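Visitor: How does the following fold in three dimensions:
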Amino acid sequence: MERRERRHGLPWREPDRSAFEILVAEILLQRTNAAAVSGAYIPFVAHYPSPEAVVAAHPDEIKRRISQLGLAKRAGFIRRSAQQILAQHSGDVPRRYAELLNLHGVGKYTARSVLIHAFGEDISAVDTNVQRLISRFFDLSPDSEALAHLADALAPSERGSDFQHAMLDFAADVCTARSPQCDACPLREACRSSEQTN
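Guide: Next comes the predicted model:
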C-alpha cells in the first residue's frame, strides 16, 4: 500500500513519536479498538511524554485520563513499566526483545511492535489481523507456527514500520474477518485461499 493510501488519523503513526510514546500506544491498543485509543492517546502523551512524567503523576490521575477506554488496568501497566524503565534502563525504552518482554504489561506482540515502530527492526508483529491475512494468503492454519516466520521473512529490509501498518490496514479494509473483499483484492491471483474458492 502506498503511504497515502494508509488509514490516517492514528497519532502514534506520526514519525516524530518517541519510543516511550510508541510503547504507551501499544499498551493502550491491547485488545482495544484503534479509534477508541485515538481519543485518549493525544491528551495522555501530552501530559505524560516520558517515564519520569508518568511516575511523578498520581496513579488516580493516570487512570482518569484513560478511563474512557474502560480499561483502568492499563494505567497500572504504563506506570509499572515506566518505573522499570527508570530503574533498570536509565529512562530509555529498551531496544532488546527480551528486555521489552520484562516490562510490565508487555507481551510478544507489543514487544515486537515497539521494536518495529520505535527502532526500525526488520521484523513483523503478528496479531489476529496479520495472522488472518498470512494464513489465508498461504492457505495455512491460523494456528500454524510457520506464520510468525513467514511474517518476518516478508518484512522488507527498510520501512518495516510502513510494511507492518500496510498489513494491518489491508487486513482491516480488504481481508476482513467476516466479509473479505476477494473480488477486489489486488493479491487475489497469488492468494492460495482465493484459488481454493475459484
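Visitor: Which residue is the nearest non-sequential neighbour of Leu154?
Guide: Distance criterion Cβ to Cβ, 6 or more residues apart in numbering; nearest residue to Leu154, sequence neighbours excluded, is Ser124 at 6.7 Å. For glycine as for every other residue, the C-beta is placed from the backbone atoms N, C-alpha and C.
Visitor: ignore the last one, Ser81
Guide: Nearest non-adjacent residue to Ser81, counting by Cβ to Cβ, 6+ apart: Leu103, 4.2 Å away.
Visitor: Can you list the low-confidence ranges for the chain?
Guide: Scanning the chain for pLDDT under 70 picks out the ranges 1-9, 195-198.
Visitor: mind giving me the domain split of it?
Guide: Residue ranges for the domains of the chain, per automatic domain parsing: 1-121, 123-198.
Visitor: Just name the most buried of those domains.
Guide: A comparison of those by mean neighbour count, using mean count of other Cβ atoms under 10 Å, puts domain 1-121 on top with a mean of 17.
Visitor: Extract the CA atoms of the longest helix seen in the chain and return them as CSV.
Guide: When the chain is parsed with DSSP state H, its longest helix is helix 73-89. Written as CSV, here are the backbone C-alpha positions of helix 73-89 (Å, rounded to 0.1, in the frame of the first residue of the first chain):
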residue,chain,number,x,y,z
LYS,A,73,-5.8,-1.7,34.4
ARG,A,74,-3.7,-0.2,31.6
ALA,A,75,-2.8,2.7,33.8
GLY,A,76,-1.1,0.3,36.1
PHE,A,77,0.7,-1.3,33.2
ILE,A,78,2.0,2.0,32.0
ARG,A,79,3.0,3.2,35.5
ARG,A,80,4.9,0.0,36.4
SER,A,81,6.6,-0.2,33.0
ALA,A,82,7.7,3.4,33.4
GLN,A,83,9.1,2.6,36.8
GLN,A,84,11.1,-0.3,35.4
ILE,A,85,12.4,1.8,32.5
LEU,A,86,13.7,4.4,35.0
ALA,A,87,15.1,1.8,37.5
GLN,A,88,16.6,-0.7,35.0
HIS,A,89,17.2,1.2,31.7
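Visitor: What's the first helix or strand after that helix?
Guide: helix 97-101 (DSSP states H and E).
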